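>>> sequence first, predicted coordinates after that:
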Protein chains: 2
Amino acid sequence: MMRSPRVEILNLGSELLLGLRTNTHLSWLGDRFARRGVTVQRGVVVDDREEEIRRQFLDCWEQGDIILTTGGLGPTGDDITCECVAGALGLSLMHDPLIETQLEAWFQQRGRILTDINRKLAFRPEGSEALPNRMGTACGIWLEKDGKILIMLPGPPHELRVMVEEQVFPRLEAKGLLGMDEGYVQIRTAGLGESVVAEKLQPLIDLIPGVKAAYCLREGMVDCRLSADDGADVTMCVLQQLANRCAAVLDVDFVCFGHDTLEQIVFDKLRSRDLTLAVAESCTGGLLSNSFTDISGSSKVLLGGCVCYSNDAKVQMLEVPDCLLRQHGAVSSETAVAMAMGVAEKLEADYALSVTGFAGPGGGTETAPVGTVFLGLHGPDGTWSQKVHFNGDRVTVKKLAVARALDWLRRELNKKDLPVIREQHAMD
Amino acid sequence: MMRSPRVEILNLGSELLLGLRTNTHLSWLGDRFARRGVTVQRGVVVDDREEEIRRQFLDCWEQGDIILTTGGLGPTGDDITCECVAGALGLSLMHDPLIETQLEAWFQQRGRILTDINRKLAFRPEGSEALPNRMGTACGIWLEKDGKILIMLPGPPHELRVMVEEQVFPRLEAKGLLGMDEGYVQIRTAGLGESVVAEKLQPLIDLIPGVKAAYCLREGMVDCRLSADDGADVTMCVLQQLANRCAAVLDVDFVCFGHDTLEQIVFDKLRSRDLTLAVAESCTGGLLSNSFTDISGSSKVLLGGCVCYSNDAKVQMLEVPDCLLRQHGAVSSETAVAMAMGVAEKLEADYALSVTGFAGPGGGTETAPVGTVFLGLHGPDGTWSQKVHFNGDRVTVKKLAVARALDWLRRELNKKDLPVIREQHAMD
């Protein structure tokens, strides 16, 4: 394969630097390019000031093969990307009557009049092409010069994303600048720290020359992404074979190849067997059921959940015995078990998960300090609890507890798979 | 005031460029600095490769007064920030026995053994100070050189954030590099679109020379941030007076000055009157109760919630009459009302919110297409419902529905404030 193009992304917008908004463009574009075998090499956010934009753009232009800018193409006074970039390249802006006609139609359709401030949108650098924007008013710009490609896109994510999929990627593909596959294999693990995953996998990876590994810690999971070193001749097939060996070494801590979340995996396993789930949450306050219901179609598996924050709620909603709460406390193995059984019974679910703990910063006892969480799991074979401890602030403890609960259920459902797998092995 | 320091942020981590993770460091740090009157001038993400890091770091070092790096301080092979940055500055790494002792204690406390791979964490550039990390293993680095300040922090957000609050900001403050106030006034609104907010406020803002406004659309809210133009002599007092006039024009659509979330405002209002809340969620799947329980101490107000995804759950958990569901459907005004009343009664709460709708992509009917949501509100004066419609994907519809429900309760609780405020005015 030819050398992969060097992609530089320049995000314009003072709101990204003021923290008014998180820069999701970089991760979205990075992911899209990565899935086509191209790595974004740098992402820069600069302020909407002429000198800043000019200086940074020229550096990106010098370094990159494909330079993609986002934002600053609108009609207001702080939208100066087009002028600055054209100026930096020594190009003048020209009026495009076709864009103006399209703008007039766009405004007319919406019963609005094209004002002078919006006429600015009809200018583009000489030698460029306009990329139509069917979700908004500001066109994108495509410019080829000195063997490099400049792509300028508007800032609103729903406009940018449609334009990338429908216009930018097809053009790059036609030029042979995008690969047909991802160029990497991702191994997703749960239950192990980043350094433990690296210690287990790196010796295997080091056996294959030309393969590099990137590790990424997520809430409750660690990803290892295998790819070829720059210029190394390693095929996807070799990467996948290596990934298979890594998965075997990870054993039960191996979650999946690719990008599936724990909730998606649990959902798929339950759905394929026509099994249902209910959840009862205290300290995670709804995060577990919320994660699950982000999956489209989750209502086929998740019957419902209780957020029983107060002791009274545990008694009234889940029929956790009052005396049990008084004897063992709300944050206890006994309560976790009673919650899981209670919600499973109430909703007639096959499986149930429960979470009770001290998410902090207040609460906690000597034997169960802040970060202590009891998980409960109810299934056809019985009900269990486990005690875990997490470090971090309130929101982090909630996220880690949810990941651990989902991973527990994943492991439990995997056990049911095992006999089948063993049988297959025996038949090999 | 002295010239504000130029802050450059360099985020290391190929996972940010591969789209494995969104770079939340920049927006979080940008916001923290902005609240102390300092604007981050540039944010750069580069790959974990020596030449890239070195080149970019030197550019940031040349441009900035305060250079803050995140990530790449861990024990694995791709954690090379410390070596690269020290190398670029011509400094060698030295072993710090104190860090090693602390590392040993950290591992011992957790019943783990300090492995060789982790001993790497005990090295830091000569002339630097270690910034202890009480949430994890990798220390931060503080280095002053040539009138500039280098701050290197580990990548995990919960580690970085604690270190910024507890160590970095106090040090910068002691050097007089942070302002005492934000340098801006933020007006938070709900229920209006961005252009409507601008149309209402801009005429007032244009009356005061030297004031600029930045608008930012959030889920269900629009913020307007007032600040002085570069070099303009506008005091915070003038900005606040202008903001007060803006709030008066916004009337009931004004939420607050500053950064409070809708859930925080609702929590504060309920808490101060010793009132309790319960929630019943269908299509938002736990997001409402989860948002609320991110507030520390929320258990004093939120008694609990039901996520009743299935019809059966609505019947079993909230005693929504089966015949009502059959007659009007689960997504209806009647069901929203029955859910709110049911959960209020079950948990003996003063107020209750309910949400039922079609978050999509599946579901929906001719009269209630995807994005249609019915909200229910139960309070001491009765129970109401409202029908709303949101555009967007599943997760967006969930977020907008939660914001609208909270904003409804905020408005309802505000009505109870009004007589008191009027009385005070009468006594002026």
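All right, it came through fine. Numbers count the residues shown, from 1 in each chain, chains lettered A, B, ... in the order given.
>>> pLDDT weak spots in the stretch 251-400 of chain A?
Applying pLDDT under 70 to the stretch 251-400 of chain A flags no residue at all.
>>> mind listing the strands for it?
A:254-257, A:277-281, A:302-308, A:351-357, A:372-379, A:382-389 (DSSP state E, counting those that start in this stretch).
>>> quick one: which of those is nearest residue B:190?
Residue B:190 lies closest, by Cβ to Cβ, to one member of these: strand A:302-308, at 24.1 Å. The C-beta positions use only the backbone N, C-alpha and C, and glycine is treated the same way.
>>> list the helices and strands the closest one packs on?
strand A:277-281, helix A:287-293, helix A:311-318, helix A:333-347, strand B:302-308, helix B:311-318 (3 or more Cβ pairs under 8 Å, 6 or more residues apart in numbering or on different chains; DSSP states H and E).
>>> what's the first-to-last distance across stretch A:55-70?
The first residue of stretch A:55-70 is 16 Å away from its last residue (Cα to Cα, to the nearest Å).
>>> residues of that stretch that come out buried?
Neighbour-count burial for stretch A:55-70 flags A:55-57, A:59-61, A:64-70 (criterion: 16 or more other Cβ atoms under 10 Å in any protein chain shown).
>>> near chain B too, which of those residues?
Subset of these in contact with chain B: A:56, A:59, counting by Cβ under 8 Å from any Cβ of the partner chain.
>>> hmm, back to that, dump the strands of the stretch 251-400 of chain A to CSV, plus mean neighbour count.
Formatted as CSV, the strands of the stretch 251-400 of chain A follow (neighbours: other Cβ atoms under 10 Å in any protein chain shown):
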stretch, mean neighbour count
strand A:254-257, 19
strand A:277-281, 32
strand A:302-308, 31
strand A:351-357, 29
strand A:372-379, 25
strand A:382-389, 15
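>>> dump those to a markdown table, plus distance to residue A:238.
Formatted as a markdown table, the strands of the stretch 251-400 of chain A follow (distance: least, Cβ to Cβ, whole Å):
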| stretch | distance to residue A:238 |
| --- | --- |
| strand A:254-257 | 15 |
| strand A:277-281 | 39 |
| strand A:302-308 | 40 |
| strand A:351-357 | 39 |
| strand A:372-379 | 39 |
| strand A:382-389 | 38 |
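>>> quick check: which of the ones you listed is nearest to residue B:412?
strand A:302-308 (21.6 Å).
>>> and residue A:268, which of the strands of the stretch 251-400 of chain A is closest to it?
Of the strands of the stretch 251-400 of chain A, nearest to residue A:268 by Cβ to Cβ is strand A:254-257, at 9.7 Å.
>>> ok, that closest one: who's next to it in the sheet?
The pairing partners recorded for strand A:254-257 under DSSP bridges are strand A:184-190 (antiparallel).
>>> residues making contact with the partner strand?
Contact with strand A:184-190 is made by A:34, A:197, A:201, A:220-227, A:236, A:239-240, A:242-243, A:246-247, A:250, A:253-260, A:262, A:403, A:407, A:410, as judged by Cβ atoms under 8 Å, 6 or more residues apart in numbering or on different chains.
>>> so of these, which ones are in helices?
The helices, defined by DSSP state H, take in A:34, A:197, A:201, A:236, A:239-240, A:242-243, A:246-247, A:250, A:262, A:403, A:407, A:410 from the contacts of strand A:184-190.
>>> find the pair from these with maximum spatial separation.
Across the ones in helices among the contacts of strand A:184-190 (Cβ to Cβ), the longest gap, 29.2 Å, separates A:236 and A:403.
>>> who has more neighbours out of these two?
residue A:403 (23 against 18; other Cβ atoms under 10 Å in any protein chain shown).
>>> ok, so what distance separates the more buried one from chain B?
14 Å (Cβ to the nearest Cβ, to the nearest Å).
>>> surely that residue and residue A:262 touch.
Yes. In this structure, residue A:403 is within contact of residue A:262 by Cβ atoms under 8 Å, at 6.0 Å.
>>> out of the strands of the stretch 251-400 of chain A, which comes closest to residue A:161?
The closest of those to residue A:161 is strand A:254-257. By Cβ to Cβ, the value is 25.4 Å.
>>> may I have the closest one as CSV, with CA atoms only?
Below are the C-alpha coordinates for strand A:254-257, written out as CSV (Å, rounded to 0.1, in the frame of the first residue of the first chain):
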residue,chain,number,x,y,z
PHE,A,254,-11.4,-11.0,26.9
VAL,A,255,-14.6,-9.1,26.0
CYS,A,256,-14.7,-8.7,22.2
PHE,A,257,-12.9,-7.6,19.1
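>>> ok, residues contacting that strand?
Residues contacting strand A:254-257 (Cβ under 8 Å, 6+ apart): A:185-190, A:221, A:240, A:243, A:246-248, A:262, A:265, A:407, A:410.
>>> how about stretch A:357-370?
A:282-285, A:329, A:331, A:371-374, A:389, A:393-394, A:397-398, A:401, B:296-297.
>>> repeat that for 7 Å
For stretch A:357-370, the external contacting residues (Cβ atoms under 7 Å, 6 or more residues apart in numbering or on different chains) are A:283, A:331, A:371-374, A:393-394, A:397-398, A:401, B:296-297.
>>> greatest separation within those: which pair is it?
Longest span within those, Cβ to Cβ: A:374 and B:297, 21.0 Å.
>>> contact partners for residue A:125?
Residues in contact with residue A:125, defined by Cβ under 7 Å, 6+ apart, are A:82, A:86, A:91, A:93, A:141, A:143.
>>> picking that back up, any chance of CSV for the helices and strands packed on strand A:302-308, columns distance to residue B:270?
As requested, the helices and strands packed on strand A:302-308 are exported to CSV (distance: least, Cβ to Cβ, whole Å):
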stretch, distance to residue B:270
strand A:277-281, 21
helix A:287-293, 21
helix A:311-318, 16
helix A:333-347, 25
strand B:302-308, 9
helix B:311-318, 21
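>>> nearest to residue B:335, of those?
Of the helices and strands packed on strand A:302-308, nearest to residue B:335 by Cβ to Cβ is helix B:311-318, at 7.1 Å.
>>> sorry, back to before: closest one of the ones in helices among the contacts of strand A:184-190 to residue A:153?
Closest to residue A:153, out of all of the ones in helices among the contacts of strand A:184-190 and judged by Cβ to Cβ, is residue A:34, at 18.2 Å.
>>> what segments of the stretch 51-200 of chain A are helices?
Here the stretch 51-200 of chain A has its helices, by DSSP state H, counting those that start in this stretch, at A:81-88, A:97-109, A:116-119, A:157-163, A:169-174, A:194-206.
>>> may I have the shortest one exported as PDB, CA atoms only?
As requested, the backbone C-alpha atoms of helix A:116-119 are provided in PDB (Å, rounded to 0.1, in the frame of the first residue of the first chain):
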ATOM      1  CA  ASP A 116     -26.600  41.100   3.400                       C
ATOM      2  CA  ILE A 117     -24.800  39.400   6.300                       C
ATOM      3  CA  ASN A 118     -25.600  36.000   4.700                       C
ATOM      4  CA  ARG A 119     -24.400  37.000   1.300                       C
END
